[in-house]
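Colleague: Mind looking at a prediction? Sequence and model below.
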Amino acid sequence: MAPVLLGIFLRALQMTVIAPSFISIATSLRATIGQVGWVVAVYATGSLVAQPIAGRLSDVKGRRAVFIGALAVFAVGSIACALSTSFVALVAGRTVQSFGAGALQPAAVALIGQRVPKDRQSGALYLTYGMFALAGALGAVLGGALVDGGRALGLAYPWHLIFWLNIPLALGALVLALRLAPDARAHARVALDPGAMLLVPAIAITIMLAANSVVPGLWAWLAISLGLLVVLVAWERMTVRPFFDPGLFSGRGPLALYALAAATAIPIFSVTMYSATYYMLRFHASAAQAGLALLALAIPLGIGQGAGGRLAKSTDLRTLLAAGIAILALGEAVLALAQTHLWVLAGLGTVGLGVGLGSAPPNALLLRIVDERRSGAATGLLTMLSSTGAITAPAVVAALLGRTGSSPVDGFRFAFALSCGLAALCVPLVAIVPRQELR
């Protein structure tokens with residue numbers, strides 16, 4: 001568990017430590033907050049592409065090998081970001097970094113599914129997602145402190161320190177991962193599916209372009225995405241060795257979990273990615289102050305994951321998942337209506353509690369439902385669908401920030417209100433997972 005936990009911590013830290021730096025990045029690179037959203041979008045798009053590929057590779061080449069490779073790619077991308085002095089270079093570095101980050105999650109979950117007894121997998125998964133809470137707490141504070149500290153030192157690009165922070169952590173995780181015992185079974189040859197290998201990235205890119213387009217372009221890119229998806233389905237039905245094994249979609253349970261992953265991602269990422277920027281604009285706070293405020297999100301997230309880990313031993317995982325989504329919706333509503341500093345912190349705390357409580361059940365349920373031989377591909381697909389929220393959420397927020405006649409603060413509050421409604425609609429979807437499939 002040690003290398004898995006550090007790898008997850010590293011991936012999650014990069015998601016939270018960068019949040020207080022958006023304004024600094026926009027200022028030093030002469031970009032707008034909306035343009036900085038592309039830094040988030042390409043990171044999510046690259047992760048989306050890498051996740052199903054890494055999951056499939058971990059099934060045939062071994063969980064350990066893919067996990068180690070993901071750490072190495074993440075480290076290389078981090079160095080590229082730390083050396084970037086232009087917006088294009090930063091986007092390129094983030095793209096490389098995203099491939100490693102995207103591969104880390106399914107490989108780590110598949111490692112747990114392979115090497116942890118089934119009756120302890122829920123607890124192990126809650127432990128890994130607990131690292132997200134720790135990364136959120138440390139990342140938000142560290143990000144704000146590094147940006148403000150770098151600015152005080154007169155650095156032209158103070159946010160570079162955020163990416164340099166990854167290097168010693170990635171090296172430490174690599175050392176631990178190399179000490180893992182190799183996979184017991186011999187590695188099989190990878191059956192490449194060239195059609196899917198081309199179509200999956202194409203679909204991800206068109207989704208990103210749709211999410212970051214104005215209305216006319218939005219519908220055009222969505223139509224292209226839908227067309228490519230139809231082509232992918234047709235190709236996978238015809239090919240002898242499909243990339244997406246049909247067994248990944250057998251039964252209502254997996255389909256419901258995939259749908260939940262995609263739908264709940266937008267409410268989650270709309271808060272976790274932009275709450276620091278919202279706090280800075282709403283209360284004219286510094287990056288360090290915003291980082292401290294995000295402890296209100298991170299600490300309840302950890303509490304929710306700790307409570308979920310204990311309750312998973314005696315409570316139906318579907319109940320925990322439904323409760324987590326409902327609490328998430330409540331937190332979004334509080335943020336949309338909040339008028340004071342205290343109520344904003346209360347909304348962040350409620351969102352954190354909901355995300356923490358509902359974080360592990362989808363993967364734990366999926367590991368129970370699918371065959372162990374397909375666990376890597378299944379968790380990769382689940383994580384990929386969740387990453388669509390990381391692509392669309394920044395675009396939705398940016399579009400609302402740009403509404404004519406609305407202030408950025410009002411745009412954020414409207415985004416929280418929409419997220420509340422979407423999360424509330426997801427609660428009944430949990431009941432679609434049949435109880436008998438959980439045995």
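Modeller: Done, it's in. Numbers count the residues shown, from 1 in each chain.
Colleague: Now for residue 220, how many residues are close by?
Modeller: 14 (other C-beta atoms under 10 Å). For glycine as for every other residue, the C-beta is placed from the backbone atoms N, C-alpha and C.
Colleague: Residue 75 now?
Modeller: 22.
Colleague: For the closest residue to it other than its chain neighbours, give me its contacts.
Modeller: Of all residues beyond its chain neighbours, the one nearest residue 75 is residue 170 (3.9 Å), with distances taken as C-beta to C-beta, 6 or more residues apart in numbering. Residues counted as contacts of residue 170 (C-beta atoms under 8 Å, 6 or more residues apart in numbering) are 10, 71-72, 74-75, 78.
Colleague: so which two of those are the farthest from each other?
Modeller: 10 and 72 (12.1 Å; C-beta to C-beta).
Colleague: Who has more neighbours out of these two?
Modeller: residue 10 (24 against 14).
Colleague: tell me the contacts of the more buried one?
Modeller: Counted by C-beta under 8 Å, 6+ apart, residue 10 has contacts 71, 74, 104, 166, 169-170, 173.
Colleague: Among those, which ones are in strands?
Modeller: When the contacts of residue 10 are checked against strands using DSSP state E, none is located there.
Colleague: Could you single out the nearest of these to residue 119?
Modeller: For the contacts of residue 10, with residue 119 as the reference and C-beta to C-beta as the criterion, the closest is residue 104, at 25.3 Å.
Colleague: need the contact list for the nearest residue to residue 50 once chain neighbours are set aside.
Modeller: Nearest residue to residue 50 in three dimensions, chain neighbours excluded: residue 102, at 3.1 Å (C-beta to C-beta, 6+ apart). Counting by C-beta under 8 Å, 6+ apart, residue 102 touches 46-51, 54, 70, 383-384, 387.
Colleague: Make JSON lines out of these and add distance to residue 412.
Modeller: Below are the contacts of residue 102 laid out as JSON lines (distance: C-beta to C-beta, whole Å):
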{"residue": "46", "distance to residue 412": "26"}
{"residue": "47", "distance to residue 412": "24"}
{"residue": "48", "distance to residue 412": "25"}
{"residue": "49", "distance to residue 412": "29"}
{"residue": "50", "distance to residue 412": "30"}
{"residue": "51", "distance to residue 412": "28"}
{"residue": "54", "distance to residue 412": "33"}
{"residue": "70", "distance to residue 412": "33"}
{"residue": "383", "distance to residue 412": "27"}
{"residue": "384", "distance to residue 412": "27"}
{"residue": "387", "distance to residue 412": "22"}
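Colleague: rewinding a little: among the contacts of residue 170, which one sits closest to residue 335?
Modeller: Nearest to residue 335 out of the contacts of residue 170 is residue 10 (C-beta to C-beta; 28.2 Å).
Colleague: what about the longest helix in the protein?
Modeller: helix 118-152 (DSSP state H).
Colleague: Sort out which residues of that helix are buried, please.
Modeller: If you call a residue buried by 16 or more other C-beta atoms under 10 Å, then helix 118-152 has these buried ones: 121-148, 150-151.
Colleague: Packing partners of that helix?
Modeller: On a contact count with 3 or more C-beta pairs under 8 Å, 6 or more residues apart in numbering; DSSP states H and E, helix 118-152 meets helix 2-17, helix 87-115, helix 160-164, helix 275-283, helix 287-293, helix 295-311, helix 341-358, helix 361-369.
Colleague: Let me have those in CSV, extended by distance to residue 183.
Modeller: CSV is the format used below for the helices and strands packed on helix 118-152 (distance: least, C-beta to C-beta, whole Å):
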stretch, distance to residue 183
helix 2-17, 14
helix 87-115, 8
helix 160-164, 32
helix 275-283, 40
helix 287-293, 40
helix 295-311, 27
helix 341-358, 31
helix 361-369, 17
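Colleague: Looking at those helices, which is nearest to residue 329?
Modeller: Nearest of those (C-beta to C-beta): helix 341-358, 7.5 Å.
Colleague: Measure how the closest one sits relative to helix 275-283, angle-wise.
Modeller: Per axes from the mean of the first three to the mean of the last three C-alpha atoms, to 10 degrees, the angle that helix 341-358 makes with helix 275-283 is 170 degrees.
Colleague: Please export the C-alpha coordinates of helix 341-358 as CSV.
Modeller: C-alpha atoms of helix 341-358 as CSV (Å, rounded to 0.1, in the frame of the first residue of the first chain):
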residue,chain,number,x,y,z
HIS,A,341,-17.5,34.2,4.8
LEU,A,342,-18.9,31.6,7.4
TRP,A,343,-21.5,30.2,5.0
VAL,A,344,-19.0,29.8,2.2
LEU,A,345,-16.8,27.8,4.5
ALA,A,346,-19.8,25.8,5.6
GLY,A,347,-20.7,25.0,2.0
LEU,A,348,-17.1,23.9,1.2
GLY,A,349,-17.2,21.7,4.3
THR,A,350,-20.5,20.1,3.3
VAL,A,351,-19.2,19.4,-0.3
GLY,A,352,-16.0,17.9,1.2
LEU,A,353,-18.0,15.6,3.5
GLY,A,354,-20.1,14.4,0.6
VAL,A,355,-17.2,13.8,-1.8
GLY,A,356,-15.3,11.9,1.0
LEU,A,357,-18.2,9.7,1.8
GLY,A,358,-19.0,8.8,-1.8
